[in-house]
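In: I'd like to go over a predicted model; first the sequence, then the structure.
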Amino acid sequence: MAMMRLRREDPRVVGTFRLHRRLGAGGMGVVYLGSDRRGQRVALKVIRPDLSEDQEFRSRFAREVSAARRIRGGCTARLVAADLEASRPWFATQYVPGPSLHDRVLEHGPLSAAETAAIGAALAEGLVAVHEAGVVHRDLKPSNILLSPKGPRIIDFGIAWSTGASTLTHVGTAVGSPGFLAPEQVRGQGVTPASDVFSLGATLAYAALGDSPFGQGSSEVMLYRVVHEEPQLDGVPAALAPLLRTCLDKAPEERPSTMRLSLRLKEIAAREARGVPQPARRQRVAVPAAADAEAPPAGSGGGSGRERTRERPSARGGRRPGPSAARRAADQRLLRQRVFVFVTVTLVVALGITLAQGCQGPL
């Protein structure tokens, strides 16, 4: 994560934390790198002054910080401390070293199918813990996914809301990032865990494509596409495309649950890492092989072709030979026996003749 020097207007101390660098700024405020007296590093977000004066915002923010404390999971940045009564409310989360998914793709290009599926499986598992706490993230996107040495982490729960809450801060103003918002969020309807599934699907499509599945454009254009147009998944690996398409379904009830999504992504990640093809591909390869083992070769005629086809498995795999091969083996044994008897009889007769001539010869 890129760090910048503190500006003149930035505070140097917030609560018990000393601030060292700027990590970034967003619609809600500025995020700083800080540390406590023991040296533990945190990502500390200070809310904007204008939002701090909004009592409705303060009350909702307090409810969501309380909900965020309940989240338990290894794929999220743990909430460390918060002050909701300060002149400018703030909260601090565990600092996660590592680039964001957005920066990783921007610098090195799209991820492979195995990498995308592995990251997605971990994130889906993290969302299970988030949703079990009764919280919906609402702004899941590549820049809110950090790739730490211990795995991906979900950050920035600053606009997370309890399940079923409205998506509007003010009438007609959607909260979140165009291109990664679920259609129901754009329409101003209640958010559910399925809303995060849509955002995760768009995030994983970005990881595999290097771009949003709804393209680029102004906020209005992007929001229109999310609601009315189908995502563009051309270029997404075939192993991932069908699953991501279900995540990006316009109807929330048609999207998979986070638990099911995590299991499916784990299967895909394991298969792609081993280089095992899709099951359908295995069947297409196996069918001709089976047919070749049973059917006569092209251009061959009658029984001779079938006999040759039956003999091949015996030579390759050591299976029991067919009837014609057994007959030939028996004939060969009989022939060897006959040759042995013939040679033996010939030798005996020759020896007898020799002995007879010797007895009758001159003394």
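Out: Received the coordinates, thanks. Numbering: from 1, shown residues only.
In: A124 contacts S257, doesn't it?
Out: No. Shown here, A124 and S257 do not form a contact pair, counting by CB atoms under 8 Å, at 9.1 Å. Quick note: C-beta positions are derived from backbone N, CA and C, even for glycine.
In: where in the stretch 251-363 of the chain is pLDDT low?
Out: Scanning the stretch 251-363 of the chain for pLDDT under 70 picks out the ranges 276-327, 339-363.
In: follow-up on the earlier one: ok, A124 and S257, which is more surrounded?
Out: Taking other CB atoms under 10 Å, A124 and S257 do not tie; A124 has more neighbours (26 against 15).
In: look up phi and psi at the residue nearest to the more buried one when sequence neighbours are not counted.
Out: Across the structure, with CB to CB, 6 or more residues apart in numbering as the measure, the residue nearest A124 apart from its sequence neighbours is S262 (3.7 Å). Backbone geometry at S262, expressed as degrees, to the nearest 10, gives phi -60, psi -40.
In: contacting residues for S262?
Out: A121, A124, E125, V128 (CB atoms under 8 Å, 6 or more residues apart in numbering).
In: which one of those is nearest D139?
Out: The closest of the contacts of S262 to D139 turns out to be A124 (CB to CB; 16.6 Å).
In: could you pull out the buried residues of stretch 227-244?
Out: Within stretch 227-244, the residues that count as buried by 16 or more other CB atoms under 10 Å are P231, L233, V236, P237, A239, L240, L243, L244.
In: what sits against the second one?
Out: The neighbours of L233, taking CB under 8 Å, 6+ apart as the test, are A205, L209, P213, A241, L244, R245.
In: among these, name the ones in helices.
Out: A205, L209, A241, L244, R245 (DSSP state H).
In: any idea how far R78 is from the closest residue in space to the second one that isn't next to it in sequence?
Out: In other words, L209. Here the nearest residue to L209 in space, its sequence neighbours aside, is G235; by CB to CB, 6+ apart that works out to 5.3 Å. Counting by CB to CB, to the nearest Å, the gap between G235 and R78 amounts to 36 Å.
In: can you point out the buried residues in stretch 22-40?
Out: By neighbour count on 16+ other CB under 10 Å, the buried set for stretch 22-40 is R22, L23, G24, G26, M28, G29, V30, V31, Y32, L33, G34, S35.
In: who's in contact with it?
Out: Surrounding stretch 22-40, the residues in contact under the criterion CB under 8 Å, 6+ apart are 1-7, 10, 14, 16-21, 41-48, 51, 80, 88, 90, 92, 95, 156, 158-159.
In: one more time with 6 Å, if that's ok
Out: 1, 4, 16-21, 41-48, 158 (CB atoms under 6 Å, 6 or more residues apart in numbering).
In: I'd say A129 and C75 touch.
Out: No. Proximity of A129 to C75 does not meet the contact threshold set by CB atoms under 6 Å, at 7.3 Å.
In: between the two, point out the one with more neighbours.
Out: When neighbours are counted by other CB under 10 Å, A129 and C75 differ, and C75 comes out ahead with 22 against 18.
In: show me what contacts that one?
Out: For C75, the set of contacting residues under the criterion of CB under 6 Å, 6+ apart consists of A122, G126, I154.
In: let me know the pLDDT of it.
Out: C75 carries a pLDDT value of 84.
In: what sits closest to it if chain neighbours are left out?
Out: In space, not counting the residues next to it along the chain, C75 is nearest to G126; the distance is 2.5 Å by CB to CB, 6+ apart.
In: assign a three-state SS to the most centrally placed residue in the chain, would you?
Out: Among the residues of the chain, the one closest to the centroid is A117, at 0.9 Å (CA atoms, centre = their mean). Using DSSP: H, G, I helix; E, B strand; the rest coil, the structure places A117 in helix.
In: again with the one 4 residues further on
Out: Recorded secondary structure, A121: helix (three-state DSSP).
In: confirm for me that it is in contact with K266.
Out: Yes. Contact criterion CB under 6 Å: A121 and K266 qualify, at 4.5 Å.
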